[in-house]
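Novice: here is the input, now give the coordinates:
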Amino acid sequence: MRTFRPAVLTAVVLSSALALAACGGGDDDTATPGAPSASAAASFDPTSVAKDDAVAALVPEKIKTAGKLVVGSDTTYAPAEYIDEDGTTPIGYDVDLAKALAAVMGLQADVQTASFTGIIPAIGSKYDVGISSFTINPDRLQQANMIQYFEAGEAYAVPKGNPKKIDPANLCGLTVGVQTGTVEDEELDALIAKCKADGKDDITPLKYEKQSEVTTALVGGKADMMYADSPIIAYAIAQTGDKLEQLGDVFASAPQGIVVSKDDQALTDAVQKAMQKLIDSGDYLKILTAWGNEASAVETAELNPSVG
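Specialist: Predicted coordinates for the structure are as follows:
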């Protein structure tokens, strides 16, 4: 459903490469031969985005005075947000979007690495906004404002060739890797309960704080399959040198949103209008295209969209 430009292994997914080497997986220095570097894939230049005075006027004075938009992001979720080869610089399409949003508001983006589950509780105090592939769901809409900017599905991945002949319609009896705090984490719990209720073999969950650890568990043989957002599945396949493959089709497509405090309507308005400005100007599509994610683009930066 979505295609990605493979990049060389970053510090975030280096552990996957080491696991491959330990298992006799071959060359651990790069992924797909001839793949462009991460910096080549990320061709967006935030200095090309102009400030919009009307949008900038909506920015709360405290943020305007600081001159920066502090963004909480779990930088372990390539290609959305992850750390570049220097071991410190956040990159990814979410990071580029954060920079572009800040530019429209007359600010600089300060993208700070955070634990995924800790971002929403810290919005409005530690972070001005959260941009970290947050699927919009009723629970999160109760906690914060969410501005739609992306649409992604969910998918499964298994070792290349599906050696265990796993049926995506029946996960009972399998060991499944997932990142904690994600929608997939919650849904895996529901699948576990269903297998028990149906009297079938138990699903053994392997839950990790970082997606890179989930990928490592799969390529290292600890997990039978992994469950994540479809862009992350596709990226993991590319970054492990095609050691993995997607199992079945992408399903449960849903919007993702930028998180803003419910107590800060002014900033919410500024972010929503800034995102719509990027969409209308074409800069938004340029960013997603640079990362191979144009198929996930939306046309409207809707605030708190109705979701099931």
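
Novice: list the strands paired with the helix or strand hosting Y227, with their directions.
Specialist: Y227 is part of strand 225-229, with elements assigned from DSSP states H and E. Strand pairing for strand 225-229, using DSSP bridges, gives strand 145-159 (antiparallel), strand 175-179 (parallel).

Novice: next structured bit after that strand?
Specialist: The next secondary structure element downstream of strand 225-229 (using DSSP H and E) turns out to be helix 230-239.

Novice: what helices or strands is that following helix leaning on?
Specialist: In terms of contacts (3 or more Cβ pairs under 8 Å, 6 or more residues apart in numbering; DSSP states H and E), helix 230-239 is packed against strand 145-159, helix 211-219, strand 225-229, strand 244-260. Every C-beta, even on glycine, is put in place using the N, C-alpha and C of the backbone.

Novice: can you do 6 Å?
Specialist: strand 145-159, strand 244-260 (3 or more Cβ pairs under 6 Å, 6 or more residues apart in numbering; DSSP states H and E).

Novice: and the last one, which strands flank it?
Specialist: Yep, that's strand 244-260 we're talking about. Partners of strand 244-260 in its sheet, by DSSP bridges: strand 129-135 (antiparallel), strand 145-159 (antiparallel).

Novice: now the closest residue to I203 other than its chain neighbours: how far from E186?
Specialist: In space, I203 comes closest to I192 once its chain neighbours are excluded; the distance is 4.7 Å by Cβ to Cβ, 6 or more residues apart in numbering. The span separating I192 from E186 equals 11 Å under the rule Cβ to Cβ, to the nearest Å.

Novice: give me the more crowded residue out of these two.
Specialist: Neighbours of I192 and E186, each counted by other Cβ atoms under 10 Å, are more numerous for I192; the result is 17 against 13.

Novice: am I right that that one sits in a helix?
Specialist: Yes - assigned with DSSP: H, G, I helix; E, B strand; the rest coil, I192 falls within a helix.

Novice: ok, now how distant is it from Y227?
Specialist: Look at I192 and Y227: by Cβ to Cβ, they are 12 Å apart.

Novice: so who does the nearest residue to K273 once chain neighbours are set aside touch?
Specialist: Nearest-residue entry for K273: V55, 4.9 Å, with adjacent residues in sequence omitted and distances by Cβ to Cβ, 6+ apart. Listed by Cβ atoms under 6 Å, 6 or more residues apart in numbering, the contact set of V55 reads 104-105, 270, 273-274.
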